[in-house]
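1. Just need the structure, nothing else, for what follows:
(one chain, ligands or ions: 1)
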Amino acid sequence: MGRAALIVHGGAGDRPAAQRASSQAAVEAALEAGWAAIAGGALAAVMAAVRLMEDAPPLNAGLGACLNADGEAELDAGVMLGDDLRAGAVGAVRDLRHPVDLARAVMEDGRHVLLVGEGAARFAAERGIERCDPALFVAARAGAPPPADTVGAVARDAGGHLAVAVSTGGIAGKRPGRVGDSPLPGAGFYADDEAGAACGTGVGEGFIRTVLCHRAVERLAASAAAEVAEEGIGHLARRIGGRGGLIVLGRQGPPAAAWNTAHMAWAMRHEGS
Ligand code: ASP
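-> Okay, here's the model as predicted:
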């Protein structure tokens, strides 16, 4: 049994200092929303936190998503449970208000792990997931400062179960059809009750090439969260010159975060803290 814990991030990047307060405020509101839900389990906590961040214009997810080279939003999201390693994800979806809701539906359906494009849209319609006009994302970005990065949350509930959820608009100006690490278990997120859980933010290609979140979770079986987070970001930098951030949480003890960009918005809470 672990003590409950929650850590959330609103992306690692190089935002100017003047823009950091709004992303930090959104992350702290998400922490509150997630913590308020944690009695309902780790999944409830990460969903509450990520859904709230998908509504926060300063963050690069949902409403605040950055746009691709064609000026359109293509959104990725993922969710995973540590007890039975179930995972669900969506890539390059265009008309969902909360892409993380569809990732959860994919996981709960259980047949597949990752749905993209038109098939994902059809599954969303089948499951009654909230749709929206893709123009909403374009309008939300008009005149707004560039958003921070991906959002994510990792939780451990009082029963010792772990969950992770992540959502992103990807990288501004990306090639249409590009899918990053965020909907790829092992790369952008991973959870295993036997070891821990992790969520990444940064240039997704680097997280895919290093399968960084799975690597971090494997290490959480033997090492403390703070050490694992630092080692993971060090590995990303050393092996491929990658940049980004990681939030991690083990079976016991407090969560931890590490990043090698100028800034990462994040917040955490754990029982006993
Ligand atoms: N990892 C995300 C992606 O590459 C972007 C980010 O975290 O900023 O799609």
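
2. So which bits of the least confident helix or strand in the chain by mean pLDDT are buried?
-> Within the chain, no helix or strand scores below helix 135-141, which has a mean of 81 by mean pLDDT, DSSP states H and E. Applying a neighbour-count criterion of 16 or more other C-beta atoms under 10 Å, one finds 137, 140-141 buried in helix 135-141. C-beta here means a position set from N, CA and C on the backbone, and glycine is covered the same way.

3. what ranges do the strands span in the stretch 101-250 of the chain?
-> 114-116, 151-156, 162-168, 189-192, 196-202, 244-250 (DSSP state E, counting those that start in this stretch).

4. does the fourth one come close to the ligand?
-> In this case it means strand 189-192. No - Strand 189-192 lies out of reach of the ligand by C-beta under 6 Å from any ligand atom, never closer than 10.1 Å.

5. if you average pLDDT over that strand, what comes out?
-> Strand 189-192 carries an average pLDDT of 98.

6. With the first one instead?
-> Averaging pLDDT along strand 114-116 gives 97.

7. and if you look at the fifth one?
-> Confidence over strand 196-202, taken as the mean pLDDT, stands at 97.

8. Pull the single longest helix found in the chain out as PDB, backbone CA atoms only.
-> Counting residues, the longest helix found in the chain (DSSP state H) is helix 20-37. The C-alpha coordinates for helix 20-37 follow below in PDB (Å, rounded to 0.1, in the frame of the first residue of the first chain):
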ATOM      1  CA  ARG A  20       5.400  31.500 -16.800                       C
ATOM      2  CA  ALA A  21       3.000  32.600 -14.100                       C
ATOM      3  CA  SER A  22      -0.100  31.800 -16.100                       C
ATOM      4  CA  SER A  23       1.100  28.200 -16.900                       C
ATOM      5  CA  GLN A  24       2.100  27.600 -13.300                       C
ATOM      6  CA  ALA A  25      -1.300  28.900 -12.100                       C
ATOM      7  CA  ALA A  26      -3.100  26.400 -14.500                       C
ATOM      8  CA  VAL A  27      -0.900  23.600 -13.200                       C
ATOM      9  CA  GLU A  28      -1.600  24.400  -9.600                       C
ATOM     10  CA  ALA A  29      -5.400  24.500 -10.300                       C
ATOM     11  CA  ALA A  30      -5.000  21.000 -12.000                       C
ATOM     12  CA  LEU A  31      -3.200  19.700  -9.000                       C
ATOM     13  CA  GLU A  32      -6.100  20.800  -6.800                       C
ATOM     14  CA  ALA A  33      -8.700  19.200  -9.100                       C
ATOM     15  CA  GLY A  34      -6.700  16.000  -9.300                       C
ATOM     16  CA  TRP A  35      -6.100  15.800  -5.500                       C
ATOM     17  CA  ALA A  36      -9.800  16.400  -4.900                       C
ATOM     18  CA  ALA A  37     -10.600  13.300  -7.000                       C
END
